[in-house]
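Chemist: Pasting the sequence and the predicted model now:
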Amino acid sequence: MNFFLINITYQRQTGEDNPGKVKETYVVESINPSNAEARLLEEIKPFIFGDHEVQRINKRNFRDIFPKADGEYWYTGRVEMITVEDNGRECRKAVTVLVEACDITDALNILKKEMASYDCEIIGVAKSPIVDVYRA
């Protein structure tokens with residue numbers, strides 16, 4: 001399966017009788033972009049009020065996704081995985097992970113806990129614009 005980052009603009013009920021246009025970003029796990037778009041539209045269909053437009057669909061290579069039941073925001077974590085080749089040379093490969101957390105400190109703590117069993121170095125954690133993640 002692949003992960004697709006989807007940017008969508010649509011009209012949503014934002015207040016009392018007040019539909020407003022919103023731009024949101026989602027991650028959908030799917031076999032291809034068309035299926036990802038269809039799945040996202042099915043998931044957010046109850047919130048769409050009027051027209052919608054998918055702005056962009058990009059394939060993303062997330063190494064892993066760490067959801068948290070009471071998390072409010074999604075954070076991207078950059079991690080360097082460290083391996084040693086047969087010749088003794090150290091290799092570093094940067095990977096991206098998604099972490100759902102209440103705040104950036106919480107995200108960093110979750111990332112440290114989840115990556116504790118790996119030989120790696122956390123490069124950074126940043127809040128992302130992702131509203132939600134839909135796994136297969």
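Modeler: Cool, the structure landed. A quick note: this is a predicted structure, and the numbers were derived from the prediction, not measured.
Chemist: Return the set of buried residues in the helix or strand harbouring Tyr10.
Modeler: Take DSSP states H and E as the rule and Tyr10 turns out to sit in strand 2-13. By neighbour count with 16 or more other CB atoms under 10 Å, strand 2-13 contains the buried residues Asn2, Phe3, Phe4, Leu5, Ile6, Ile8, Tyr10, Arg12. The C-beta positions use only the backbone N, C-alpha and C, and glycine is treated the same way.
Chemist: can I assume the fifth one is in contact with Arg39?
Modeler: No: taking contacts as CB atoms under 8 Å, Ile6 lies outside contact range of Arg39: 9.5 Å.
Chemist: who touches both of the two?
Modeler: Common contacts of Ile6 and Arg39 (CB atoms under 8 Å, 6 or more residues apart in numbering): Val28.
Chemist: Can you tell me the strand partners of the strand holding Tyr10 and which way each runs?
Modeler: If you go by DSSP bridges, strand 2-13 pairs up with strand 19-30 (antiparallel), strand 48-60 (antiparallel).
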